[in-house]
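> Quick one, fold the following:
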Amino acid sequence: MQMAGRMRILVAAAGLTAAGLIGAGLALGGAALLGDLGGSTTTVREVRASATPATVTQTPGTTTRLSINDIYRRAAPGVVQVTSTTIVNVPADPFFGNPFFPQQERQQSLGSGFVVDKAGHIVTNYHVIQGAKQVRVSFSNGSSMKATVVGSDPSSDLAVLKIDASSRALTPLPLGDSDKMKVGDPVVAIGNPFGLDRTVTAGIVSAIQRAITAPNGYTIDHVIQTDAAINHGNSGGPLLNSQGQVIGVNSQIATGGSSSSGNVGVGFAIPSNTVKTVMAQLIREGHVDRAFIGISAVSITKNLARVFRLPVSKGLLVQSVQPGSGAAKAGLKAGTTPVVLAGESYNLGGDIIVGAGGTPVASLDKLRDVVAAKKPGDKLRLTIYRGSKKTTIDVELGRQPMSG
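Got it, this is the predicted structure:
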């Protein structure tokens, strides 16, 4: 995904995922353009709703387009405020206070989340609860309770919380199929921007198949872009389709180069199909283990193939191989000859990957998808060109490191 150079980072980077590629930012073309929606420096106060919206049961398989008010009435009771408390060390001040020992300060940050089952599980963003010593959630009726972190996954910027509440008091939101969303489809976001609880905004799907950068530097693929207004505090809240199903988790926004950190109509939501996979693993295991191949690569363009007389016009040029990775152990070779074409830098002379596990690969996100379907320790057969010779190589996939 390419964005105008005027966009700037909002705050520190705030997911399925890099799937085992290093240099995952290549798919984004500038991770610093994005910022999360609920940074840990946002101080908030609890804002209570004046009334509890009515609950209406979602009919499975319905295709009826609901009004924004209908979606809100159904979904808002299942949307929560997430308030996390962190302890930070303040450097010692030689002029005020103790000059020798740092002080500790409690900070609160605000985010959103939503109930996913009657057992009390709640989905939110990893960056909302990152480093938290205490997490609380509050509902539309003003009730607030302590939540425990079941598991978190920085590679997808997702986390699962759990509360001890009566199943009758919970309104789970149904997860839809994010793969069915098309550009122009209407969407609704519900969250807590700037502490204004259960705010609803509406818009459309502006683009699909975007890539954003997770808090640990890996890439989150298949992201939904929307112009529905989302701001700080919306992080972890649901993006819903016209049937009231969650098709994304609002996570990041881009700013337009102005001094404002508010919405400019470019927001990004982690797709619900990623949420389903990650949520299931977090509830079951408390963490997510991802396969890791250990390379960075760039897609071959027709112009690149023509100018440098490459043996194929589609595929991935291996740019680097991480030492000790499965790719390195299998003997995959990186390019060593730097060239520049149309302002872009490439390393030529390395292997060209054209297939993985029997699937043609011409883009990074396709290779990440193939790797993501594997587990650490699995074997992956790559079809490559080494020079003009086509051959195969078997890579034993490792475990994705904590950071990219």
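> tell me the contacts of the residue nearest to S178 when sequence neighbours are not counted?
Distance criterion Cβ to Cβ, 6 or more residues apart in numbering; nearest residue to S178, sequence neighbours excluded, is P271 at 3.6 Å. Placement of C-beta: from N, CA and C, glycine included. When contacts are counted by Cβ atoms under 8 Å, 6 or more residues apart in numbering, P271 touches 178-179, 222-224, 247-248.
> What's the separation between T171 and T201?
From T171 over to T201 the distance is 20 Å, taken as Cβ to Cβ, to the nearest Å.
> can you check K374 too?
From K374 to T201 the distance is 38 Å (Cβ to Cβ).
> same thing with L173?
In this view, L173 and T201 are 17 Å apart by Cβ to Cβ.
> List phi and psi for A254.
Phi and psi for A254, reported as degrees, to the nearest 10, are phi -110, psi 140.
> my read: it touches N263, true?
No: applying Cβ atoms under 8 Å as the test, A254 and N263 come out as separate, 9.7 Å apart.
> so who does the closest residue to N273 other than its chain neighbours touch?
Nearest residue to N273, sequence neighbours excluded (Cβ to Cβ, 6+ apart): S178, at 4.8 Å. By Cβ under 8 Å, 6+ apart, S178 lies in contact with 222, 224, 247-248, 271-274.
> Now, of those residues, which are buried?
Neighbour counting by 16 or more other Cβ atoms under 10 Å classes 222, 224, 247-248, 271-274 among the contacts of S178 as buried.
> Any chance of JSON lines for these, columns distance to F194?
What follows is the buried ones among the contacts of S178, written out as JSON lines (distance: Cβ to Cβ, whole Å):
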{"residue": "H222", "distance to F194": "29"}
{"residue": "I224", "distance to F194": "23"}
{"residue": "I247", "distance to F194": "24"}
{"residue": "G248", "distance to F194": "21"}
{"residue": "P271", "distance to F194": "26"}
{"residue": "S272", "distance to F194": "25"}
{"residue": "N273", "distance to F194": "30"}
{"residue": "T274", "distance to F194": "27"}
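> Let me know the closest of those residues to A297.
H222 (18.7 Å; Cβ to Cβ).
> and the closest one, what pLDDT?
Listed pLDDT for H222 reads 97.
> Quick one: list the elements packing against the helix or strand containing it.
Per DSSP states H and E: H222 is located in strand 219-226. Judged by 3 or more Cβ pairs under 8 Å, 6 or more residues apart in numbering; DSSP states H and E, the packing partners of strand 219-226 are strand 186-191, strand 199-213, strand 246-254, strand 267-271, helix 272-285, helix 364-372.
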